[in-house]
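Enquirer: fold the stuff below for me.
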Amino acid sequence: MLVFPLINDTSRKIIHIDMDAFFASIEERDNPELKGKPVVIARNPLETGGRGVVSTANYEARKYGIHSAMSAKEAYELCPQAIFVSGNYAHYQEVSRQMHDIFHRYTDEVEGMALDEAYLDVTVNKINATSAVKIAKMIQHDIFTELQLTSSAGVSYNKFLAKIASDIEKPRGLTLIPPEDALSFLADLPVEKFHGVGAKTAEKLETLGITKGSEIQNASPQFLAEKLGVFGWQLYLKANGIHQSPVKPNRIRKSVGKEKTYGKLLYLEVDIKAEVSKLSQRVATSLQDKKLKGHIIVIKIRYADFTTLTKRLSLDDKVDDADAIDQCAQKLLDETLRDTVGIRLLGVTVTGF
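Expert: Residues are numbered from 1 along each chain as shown. Got it, this is the predicted structure:
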């Protein structure tokens with residue numbers, strides 16, 4: 001068996017900041033009457049005939065099992081007393097910009113992953129601090145005092161570990177994974193907690209007898225690559241604490257989308273839904289080929305009269321699988337579809353990588 005030298009750069013100091021229930025927290029901040037009550041960012045299903053999908057929910061609502069990408073109807077059934085808020089994406093973008101202004105006080109090495117999360121490389125920083133934990137605490141303090149919002153932070157020597165660390169003590173948490181603890185921490189980590197491992201990959205790993213990090217660490221990298229392709233090798237490296245991807249401050253936001261124009265107008269709902277499913281599958285295939293995941297799903301409809309509508313949904317988690325994309329696209333379609341008007345173009349796009 002070939003032996004690969006595992007070279008690990010543990011000199012970097014990386015922070016991952018993840019806002020706590022960002023959209024819902026902004027709504028609570030702006031409307032104090034919402035505090036302590038279950039808040040769901042979605043159109044009220046009682047006003048939409050059951051249509052709509054949950055963008056996010058505050059922690060009170062999550063106690064009832066409500067989560068992003070769930071139908072608003074199901075969320076209502078789980079918690080009829082929940083307060084549904086349609087949301088204001090432009091406002092959330094402005095708050096995110098204010099959050100990034102705070103980040104840039106400490107470093108310009110900032111890579112925004114979504115409106116509510118970012119990586120910061122503070123190996124060299126503007127306040128000449130030697131402790132990344134100290135900087136993370138200062139950022140959390142600034143966000144709380146200036147924006148009246150809470151955040152969670154993960155600190156480690158690479159992006160993969162910092163991302164995992166920020167999830168450990170939510171909300172308002174701060175977790176450090178130092179180099180000397182990384183392997184033991186990862187050894188106990190369930191495979192589904194490895195970012196990039198979805199439900200289907202976790203099932204496949206389980207059939208191989210792999211359910212936690214130690215079993216990935218002890219597996220042959222060639223075996224993992226044979227079973228999972230390039231992702232198997234990447235997973236092996238991550239389980240051994242190796243992830244060399246740099247923080248990319250000039251990261252260009254991209255999107256992956258597919259559109260189709262129909263010479264014969266679509267009228268039947270069953271045909272329209274089938275076409276959206278096909279487009280979702282094509283988008284998922286393209287995302288997986290490019291090793292990309294996004295948390296914003298966009299649907300585009302052009303009607304016979306050339307009226308063009310787009311509708312988007314922002315999720316808490318990034319997705320790349322066809323089922324998740326199609327589920328969101330179909331829900332957006334339900335909210336946008338006009339009866340008796342033929343459709344000449346449909347499009348599905350995933351963005352927010």
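
Enquirer: list the helices and strands the helix or strand encompassing residue 40 packs on?
Expert: In this structure, residue 40 sits in strand 39-41 according to DSSP states H and E. Packing partners of strand 39-41 (3 or more C-beta pairs under 8 Å, 6 or more residues apart in numbering; DSSP states H and E): helix 22-30, strand 56-57, helix 59-62, strand 83-85. (C-beta placed from N, C-alpha, C; glycine too.)

Enquirer: so which of these is nearest residue 170?
Expert: Closest to residue 170 of those, according to C-beta to C-beta: helix 59-62, at 8.5 Å.

Enquirer: and the contacts of the closest one?
Expert: Helix 59-62 has contacts (C-beta atoms under 8 Å, 6 or more residues apart in numbering) with 20-21, 24, 36-40, 75, 79, 82, 171.

Enquirer: in it, what counts as buried?
Expert: Under the neighbour-count criterion of 16 or more other C-beta atoms under 10 Å, helix 59-62 has 60-62 buried.

Enquirer: so how far is it off the chain centroid?
Expert: From the chain centre to the centre of helix 59-62 is a distance of 18 Å (C-alpha atoms, centre = their mean, to the nearest Å).

Enquirer: ok, now stretch 304-313?
Expert: 25 Å.

Enquirer: now that stretch: buried residues?
Expert: Buried, per 16+ other C-beta under 10 Å, within stretch 304-313: 312-313.

Enquirer: and that stretch, how far apart are its ends?
Expert: Length of stretch 304-313, first residue to last, C-alpha to C-alpha, to the nearest Å: 25 Å.

Enquirer: which strands or helices does the helix or strand residue 231 falls within pack on?
Expert: Assigned by DSSP H and E, residue 231 belongs to helix 230-239. Counting contacts by 3+ C-beta pairs under 8 Å, 6+ apart, helix 230-239 packs against helix 213-217, helix 221-228.

Enquirer: mind checking how far it is from the chain centre?
Expert: With C-alpha atoms, centre = their mean, you get 20 Å for helix 230-239.

Enquirer: then stretch 126-133?
Expert: On C-alpha atoms, centre = their mean, the centre of stretch 126-133 falls 28 Å from that of its chain.

Enquirer: next helix or strand past the helix or strand harbouring residue 90?
Expert: Under the criterion of DSSP H and E, residue 90 resides in helix 89-103. Next helix or strand after helix 89-103 toward the C-terminus (DSSP H and E): strand 110-114.

Enquirer: adjacent strands (with direction) for that following strand?
Expert: strand 117-121 (antiparallel) (DSSP bridges).

Enquirer: residues in contact with the strand it pairs with?
Expert: Residues outside strand 117-121 that contact it (C-beta under 8 Å, 6+ apart): 12-19, 99-100, 103, 106-107, 109-113, 135, 139, 159, 162-163, 166, 246-247.

Enquirer: thinking again about what came up before, could I get the buried residues of helix 59-62 as JSON lines with pLDDT and distance to residue 121?
Expert: Shown next, in JSON lines, are those (pLDDT from 0 to 100; distance: C-beta to C-beta, whole Å):
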{"residue": "60", "pLDDT": "96", "distance to residue 121": "35"}
{"residue": "61", "pLDDT": "96", "distance to residue 121": "34"}
{"residue": "62", "pLDDT": "96", "distance to residue 121": "31"}
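
Enquirer: now tabulate those in CSV and tack on distance to residue 223.
Expert: Below are these laid out as CSV (distance: C-beta to C-beta, whole Å):
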residue, distance to residue 223
60, 45
61, 42
62, 38
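
Enquirer: among the residues you listed, find me the one that's closest to residue 317.
Expert: residue 62 (13.3 Å).

Enquirer: now the phi/psi pair for the spatially closest residue to residue 262 that is not a sequence neighbour, please.
Expert: Excluding the flanking residues, the one nearest residue 262 by C-beta to C-beta, 6 or more residues apart in numbering is residue 344, at 5.7 Å. With angles defined as degrees, to the nearest 10, residue 344 sits at phi -110, psi -20.

Enquirer: gap between residue 344 and residue 270?
Expert: 18 Å (C-beta to C-beta, to the nearest Å).
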